[in-house]
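# missing the sequence, but the structure's below:
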Ligand code: NAP
């Protein structure tokens, strides 16, 4: 069956205009011709600007990854997917509203929260989730614009690419970030930071890191920052040897680390900042400072680790030896976690929507008709942005199979959702609105380039109200 019963296009809402949502919309729009079907697709986002993780999660000094926006821009520019930004599904529009207006809903809401870390002291002032810091330096409209950068020594927990991003941004000389799209207050904050030492701590060994080779090597490109490694951390068990043999990525990264260890012996000049990489360190407690009366200050003053040893399988066991490091800030980069969507079955252990191949399931394992998931909210926060394309293909494949039995929307008219938004006073933004905001940010970049020493392509507009005003301005 090519269309819904009354021969109108099948109405599909995609929630989340990050890469997962845009890829899914793109694949669905292109499927129309091949499968002789018609879809009318609305792509919602809670932020006034599209591109989700690429705009608000990728580090500003990663222009290659930020460049994926160009491909997403092309998709949206075709005009067969309608963007409705600045709309919060849950408060502005309920799940029931979506069901009333669309025959199918695809959730592509990603994973934006930090995994919780259950150790004493995690609540102290100076203990931060990496996701929050990333949102701050990427100019996220919903995060406070101030960030306390007053620590000289910092610990970053985790051996994934987010830990590398956070440690690199914290340790980089701020003028090296000026050519990126960081907002002015982020540059000012980083420029005033007294940081001298950033320590990255992994709980397993050098052959168990979750980094990727390019991102690891990039650490050595920061000016005036020395990488420091510790020989006693270079331990390899049988599983490590196997990983080095079977994975080129692991082999490359272990070689990179081993070369850095050798090179540091030959270093003749010291840089003003140091980036330390520690392995086999399991965090057990964040330590609180004490004032002169012996009272707790409520602030981070250090972190305690248990020394771990490899157990042969690539996992670790505790040795019972502990070591404290004086640090005034701790960043926990131990993974992201998806957020629950009211009324949609959620796997609270994995932080994903319960689903099979992208079909959202209820508690009994039955498909919730017309409901789908794609991207990190479908499979969890692992993998690079390109991997979400495969995800979207699978999810859209399921939707295409189900087209004939989708629950029918009561208000399928394309205008009816706009009328609903307007009746509720929702200041929604559109693709045309994004083009205006994009042009505005690029012009701010050109202005800054003329008046400063550094070429800046874009200066991001951060306050939500300004983003909405510029996007909705009449030409
Ligand atoms: P990740 O790759 O899953 O790494 C999480 C790290 O945290 C692992 O080293 C893990 O160690 C450690 N960890 C977990 N729980 C811990 C605990 N309780 N105590 C100490 N350490 C703990 O997660 P991510 O860094 O958030 O990255 C998410 C995804 O985004 C990844 O696929 C990543 O490649 C991607 N990403 C890519 C880029 C890029 O520039 N290309 C940038 C950012 C993110 P174990 O291995 O021992 O569990």
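Arrived safely, thanks for sending. Only a predicted model underlies this, so the values are computations on that prediction, with no experimental measurement involved. Numbers count the residues shown, from 1 in each chain.
# switch to C-alpha atoms for all contacts and neighbour counts from now on
Fine.
# let me know the average pLDDT across the helix or strand where residue 402 lies.
Using DSSP states H and E, residue 402 sits in helix 387-402. Mean pLDDT, helix 387-402: 96.
# list the buried ones in it?
Neighbour-count burial for helix 387-402, counted by 16 or more other Cα atoms under 10 Å, picks out 388-389, 391-400.
# same check on stretch 398-417?
Quick answer for stretch 398-417 (16+ other Cα under 10 Å): 398-400, 403, 406-409, 411-412, 417.
# which among the residues you listed gets closest to residue 325?
Set against residue 325, the nearest of the buried residues of stretch 398-417 by Cα to Cα is residue 398 (51.2 Å).
# measure residue 380 to residue 177 for me?
Distance, residue 380 to residue 177, using Cα to Cα, to the nearest Å: 30 Å.
# tell me the helix or strand right after the helix holding residue 402.
Next in sequence after helix 387-402, counting helices and strands by DSSP H and E, comes helix 414-423.
# what packs against whichever helix or strand comes after that following helix?
In the C-terminal direction, the helix or strand that comes right after helix 414-423 (DSSP H and E) is helix 431-451. For helix 431-451, the packing partners by 3 or more Cα pairs under 8 Å, 6 or more residues apart in numbering; DSSP states H and E come out as strand 81-84, helix 464-472.
# isn't residue 299 right next to residue 327, touching?
No: the criterion here is Cα atoms under 8 Å, and residue 299 misses it with residue 327 at 10.4 Å.
# pull the contacting residues for residue 309.
Contacts were defined as Cα atoms under 8 Å, 6 or more residues apart in numbering; by that measure residue 309 touches 204, 280, 316-319.
# let's see 10 Å
Applying Cα atoms under 10 Å, 6 or more residues apart in numbering, we find residue 309 in contact with 203-205, 233, 235-237, 279-281, 315-319.
# can you check residue 29 too?
Taking Cα under 10 Å, 6+ apart, one finds 23, 37-41, 75, 80-81 in contact with residue 29.
# tell me the mean pLDDT for the host helix or strand of it?
In the assignment (DSSP H and E), residue 29 maps to helix 19-35. Mean pLDDT, helix 19-35: 96.
# quick one: strands adjacent to the helix or strand following it?
Using DSSP H and E, the helix or strand that follows helix 19-35 in sequence is strand 39-44. Here strand 39-44 is paired, per DSSP bridges, with strand 10-15 (parallel), strand 81-84 (parallel).
# where does this structure dip in pLDDT?
Residues of the chain meeting the criterion pLDDT under 70: 1-6, 475.
# nearest residue to the residue nearest the centre of the chain in space, please, no chain neighbours.
For the chain, residue 57 is the residue whose C-alpha lies nearest the centre (Cα atoms, centre = their mean; 3.9 Å). Nearest-residue entry for residue 57: residue 134, 6.2 Å, with adjacent residues in sequence omitted and distances by Cα to Cα, 6 or more residues apart in numbering.
# what residues sit buried inside stretch 321-336?
Within stretch 321-336, the residues that count as buried by 16+ other Cα under 10 Å are 325-336.
# off-centre distance for that stretch?
Here stretch 321-336 is found 21 Å from its chain centre; the criterion is Cα atoms, centre = their mean, to the nearest Å.
# that stretch and the ligand, any residue contact?
Yes: using Cα under 6 Å from any ligand atom, stretch 321-336 reaches the ligand at 333-336.
# which bits of this structure sit near the ligand?
Selection of the chain residues close to the ligand by Cα under 6 Å from any ligand atom yields 117, 157-163, 202-204, 209-210, 215, 282, 333-336, 381-384.
# of these, which belong to helices?
Mapping the residues of the chain next to the ligand onto helices (DSSP state H) picks out 161-163, 215.
# now these as a markdown table including neighbour count?
Output for those, formatted as a markdown table (neighbours: other Cα atoms under 10 Å):
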| residue | neighbour count |
| --- | --- |
| 161 | 19 |
| 162 | 26 |
| 163 | 25 |
| 215 | 17 |
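# could you point out which element follows the longest strand that the chain contains?
The longest strand of the chain (DSSP state E) is strand 296-310. Counting by DSSP H and E, the next helix or strand C-terminal to strand 296-310 is strand 316-325.
# just want the angle from that next one to strand 296-310.
Angle between the axes of strand 316-325 and strand 296-310 is 140 degrees (criterion: axes from the mean of the first three to the mean of the last three Cα atoms, to 10 degrees).
# partners of strand 316-325, with directions?
Strand 316-325 is paired, per DSSP bridges, with strand 296-310 (antiparallel).
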